[in-house]
Structure formats: C-alpha cells, structure tokens
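> Next one to model:
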Amino acid sequence: MGKMSNNGFVGQMLRLALPIALQNMLTSCAGLVDTAMVVGLGNAATAAVGVAGRWTFMLNLFLFGFCSGSSALISQYWGARDTHSIRRTFGLALSCAFGAAIVYNLAAFFLAEPMMRVFTPETEVVSLAAVYLRTVCFNSVFLAFNMLAGAALRSTEDVVSPLLCSGVSVLANSVLNYVLIYGKLGLPAMGVQGAALATVISTALGSALLFARAFFKKAVIIAPLRELLDVNKVFVRKFFAVATPVIGNEALWSVGTNIYVMVLARQGAENYAGYTLYSSVEQLVFVFFIGMCHACAIMVGKRVGEGKLDDAYYTARKFMIAEPVVGVALGLLLIVVRDPILSLLPIETEGARKVASDLLLIYACWMPVRQLSYIAVVGSFRAGGDTRTGLYYDIIAVFLCGIPIVALLGMVVHVPFQMLVLAMFVAEDSIKLVLCIRRFRSRQWIRRLTMPGDNAYEQ
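Residues are numbered from 1 along each chain as shown. From the prediction side, this is the model:
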C-alpha cells in the first residue's frame, strides 16, 4: 500500500487533532476555573473537591472504556462504510454506559461518606467531599451521553460538533460556578455544592445541544431506536470481545491511580491541595496529547477498516515519532509558564503553591516519556483492533511496579512528597514504554475487525 506523504499526514492530523485538543482544553479550563473558585474557600474545600473528583475520574475512565472500545469498531466500520454496524455499536455501547452511570449515581448518593474515607481520614475534607459528591453524581447520565456520542461522532470524522457543544457547556459552567459558589444574582452562596450543581446543569445543557446538532445534521448515529438496538448474540459477543478488555483496562488503571491517591492524600491536606492544583494545570497540557491520540485512532482505524494495513502501520509510526517532539516543546513551555499560571490562583498557603510548581516541573521534564505509551496503546493498538495489550501492560506497570513502590516510599519510608510523585511516574512509565515499543514494531496489533479472519499481521 502507498504511504501517506508527510504534508498529507500533518494536514490530516491537524484537521482532526486541533478541534479535539481545543475541546479538551475548554473542558480542562473549566476544571481549572472550578479549582480557582473553590481554592478561595480554603485548602480543605480544595482537597475535598479533589478527593470527590477521584470517583468521578473513575467513572470517566470506565465510560472511556466503552468509548474507546466502541470507537475501535466504529472507526473501522467507517472505513468499511458499514453504517448499520456503526449504529448498532453506538446503541449497544450507550445502553451499557447508561447502566454504569445509574449504578454510580446510586452508590455516590447513598454511600458518599464511606467512599470519601477510602481516600482520606480528615473529617472536614470527608464532610465537604460528601456534600459535593451527592450533588455532582446526578451528572453521570449526561456525562455518559456526551462521552459516547462525542466519541462516535469523532470516529466518523465529525470533530466540530463535540467541540461546539462542549464550548457552550464550559461557558455555562464557568458562569454558574461564579453565581452558585459565591451566591450572586440574589442566590444563596452554596460553596462546594454550588460547584457540583453548576457541573450538573452545564453538562445537561451540553447533552441537549449535542443531540440537537447531531439530529439536524443527520449524523450517522441518529437512527430509530430499533436500529440502534438491532443486535444479536453474535454481534454482542463481538462487541464485548473488543470492548471488555478496554473497559477492564480503564477500570483497573482507575483503581490503580486511586490507590496512588490513597497514598498521596495521606501525605497531608497541603500536599494534596498542591497535587490538586498540579492536576488542573497538567490537564491543560495533556489536551494536546488527547488530540494527537484521537487523531491517530481515527486515521489508523479507518485505514484498517479499508484494508490498507501497511498504510495504517506507517501512519501510526508517524504519530509515534511526532509525540516526543511535541512532548519536548510542551515541556519547555510548561517550565516557563507554570509559576505565572499558579500566580493567577488564590492559593491559601505558600506550601501548596510550591508543591504544585515542583510537580509541574517534574511532569514537564518527564512528559515525552509519559505520553508515548498513551499514544501507542490508545491511539494505535486499540484502533488497530488490539484491545487486550493495554490491559496486560497496565497490570504489569501499575500493579506490579508502580503501586508497590509508591506504597513503600509513601507509607513506610516517607520520602518528600515531590519525590513520591516522581517515583510514581518512573516506576510505571519506564517498563510500559519498553513493552509498547516492542509490541508496536511487531505489527501484531493490526487486526481487521470488520472482516473476521483478516488479521494479516497476527500470528
């Protein structure tokens, strides 16, 4: 198969990656605005929102498992021009995601305090976090629709609709945060509960706008309910054969990262407040890699669906080469701007500010290494049809390497907080990167899901 020219590759990558990156940047900016407004309520409130957010983060990753698994199929069906299978995949994935969201909603509402004590024993933080979680949990069904519909639209190369709807949602969230947290326009000041309510309302608005835009554009995912649910046992087995490893991968990774947080949150409210601030700024940088990753998945999956397996491999290889270049550039930029960004936030203590600044410096230096395996697993392997490899690699990297080292250093040795986070990065990423590069070069991750048996590179 002919290889795509470098100019053609860059043009298509930017056309897909930039709107996706911008959408995620808007979402991250909303998170930063949330943090900035909550920071004004003190370290306990900041830590509480951060701790409560770990459960939302777990739900996000679980839903992302459905998104990524269904996208692997949808992008290949898009290349094969199989509209009916795209709709069936979307309908089945959305049904499963709604079920997961409802279970989460019930658990978060009735078990808020016990869920918060998993991460921190501090009574004030637990109390505030439970108030936040009991309100924000009603966001779950709207979040599920936004994530699944947005992923399906992007997999069919519509990257603009999710961007526009997300932009309106983020703007609404920022305005509502200001009004509800501090009690403006004659409304009572609701504190952290106001931040949660603003998130619920703005996400519901985003869902309504995304559905309306897809409907009026006659997007491929808009179809009668009977077609969306027109599945049989063979199709369900095929979907779950692809999606289950991804869901398991994201669920296990989320459990692993939350175990990290159990250790980090026990290093003191000031340290964890600094970590929460770091996470909010880090997400602003990570959006560029999200854009690259989704662009990679769309381009690779479509080529595999078309049967252009060599072209799919060389396209993925170009992304693997581009990632370190982007990582170094963004790392240097983050080193320069980290303190000016933090200076914009009303941080309660200088200790929390220093922790956040140090962690951003560490992340900036390690960034090219940390994101390469992300591009490989989520951008290439899954889109190529190999959804199991990431699961195996995370079991090795997170549970056999990262967690034991972090637990030992944080709970027994008691190293400085910054060194603990650095150890978490190095322990997890080093082994995963070596495994990913080896797997990538083998080409065994290229599997054509739209035509059973056509796995040209699979041994």
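> So what does the residue lying closest to R447 once chain neighbours are set aside have for phi and psi?
Of all residues not flanking R447 in the chain, G385 sits nearest, at 3.1 Å (Cβ to Cβ, 6 or more residues apart in numbering). Every residue, glycine included, has its C-beta placed from N, CA and C. With angles defined as degrees, to the nearest 10, G385 sits at phi 110, psi 0.
> Dig out what G385 forms beta bridges with.
Beta-bridge pairing of G385 under DSSP bridges involves I446.
> Now do it against Y393, distance only.
Going from G385 to Y393 by Cβ to Cβ, to the nearest Å gives 16 Å.
> the more surrounded of the two?
Per other Cβ atoms under 10 Å, whichever of G385 and Y393 has more neighbours is G385, with 25 against 22.
> In contact with that one: list those residues for me.
Counting by Cβ atoms under 8 Å, 6 or more residues apart in numbering, G385 touches 72, 76, 242, 304, 445-449, 455.
> V426 too?
Residues in contact with V426, defined by Cβ under 8 Å, 6+ apart, are W366.
> ok, how many other residues are close to I431?
Residues near I431, counting by other Cβ under 10 Å, number 18.
> Please identify the helix or strand for it.
helix 417-442 (DSSP states H and E).
> buried sites along that helix?
417-418, 420-429, 431-433, 435-436, 439-440 (16 or more other Cβ atoms under 10 Å).
> That helix - what's its average pLDDT?
Averaging pLDDT along helix 417-442 gives 94.
> centre of the chain versus it, how much separation?
When distances are taken as Cα atoms, centre = their mean, to the nearest Å, helix 417-442 is centred 18 Å away from the chain's centroid.
> Which pLDDT value belongs to Q459?
35.
> State the distance from C67 to R226.
24 Å.
> Surely L420 and V412 touch.
No - with contacts counted by Cβ atoms under 8 Å, L420 stays clear of V412, the gap being 11.6 Å.
> you'd agree T349 is up against A44?
No - look at T349 against A44 with Cβ under 8 Å: they stay out of range, at 11.7 Å.
> The two: who's more crowded?
Per other Cβ under 10 Å, whichever of T349 and A44 has more neighbours is A44, with 20 against 14.
> What helices and strands are in contact with the helix or strand that one falls within?
Following DSSP H and E, one finds A44 within helix 43-80. Secondary-structure packing of helix 43-80 (3 or more Cβ pairs under 8 Å, 6 or more residues apart in numbering; DSSP states H and E): helix 6-39, helix 83-110, helix 112-117, helix 123-136, helix 140-155, helix 192-216, helix 233-265, helix 269-305.
> Now the fourth one: buried residues?
Counting neighbours by 16+ other Cβ under 10 Å, one finds that the buried residues in helix 123-136 are 125-126, 128-136.
> Show the buried residues in the contacts of G385.
By 16+ other Cβ under 10 Å, those give 72, 76, 242, 304, 445-449, 455 as buried.
> any idea how far E428 lies from V377?
Taking Cβ to Cβ, one finds E428 at 13 Å from V377.
> go on, G256?
In terms of Cβ to Cβ, G256 sits 14 Å off from V377.
> what's the distance between V49 and F110?
In terms of Cβ to Cβ, V49 sits 20 Å off from F110.
> quick one: which of those two has more around it?
Remark: of V49 and F110, V49 carries more neighbours, 28 against 12, as counted by other Cβ under 10 Å.
> Measure how buried the closest residue to the more buried one other than its chain neighbours is and give me the count.
Leaving aside its chain neighbours, V49 sits nearest to V38 (5.1 Å; criterion: Cβ to Cβ, 6+ apart). Using other Cβ under 10 Å, V38 has 25 neighbouring residues.
> mind listing what's buried in the helix or strand harbouring L180?
In this structure, L180 sits in helix 160-182 according to DSSP H and E. For helix 160-182, burial by neighbour count (16+ other Cβ under 10 Å) applies to 161-163, 165-170, 172-174, 176-182.
> likewise stretch 220-238?
Here stretch 220-238 shows 220-221, 223, 228, 230-231, 238 as buried, counting by 16+ other Cβ under 10 Å.
> show me what contacts the closest residue to T56 other than its chain neighbours?
Residue nearest to T56 in three dimensions, not counting chain neighbours: V136, with 6.5 Å by Cβ to Cβ, 6+ apart. When contacts are counted by Cβ under 8 Å, 6+ apart, V136 touches 52, 56, 108, 196, 199-200.
> Need those residues in CSV (columns: distance to L14).
CSV is the format used below for the contacts of V136 (distance: Cβ to Cβ, whole Å):
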residue, distance to L14
A52, 36
T56, 31
A108, 39
A196, 36
T199, 31
V200, 34
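> Out of these, grab the one that's most surrounded.
If you count neighbours using other Cβ under 10 Å, the busiest of those is A52, which has 30 neighbours.
> re the thing from before, I'd like to know which of the buried residues of stretch 220-238 is nearest to G206.
The nearest member of the buried residues of stretch 220-238 to G206, counting by Cβ to Cβ, is I221 at 16.1 Å.
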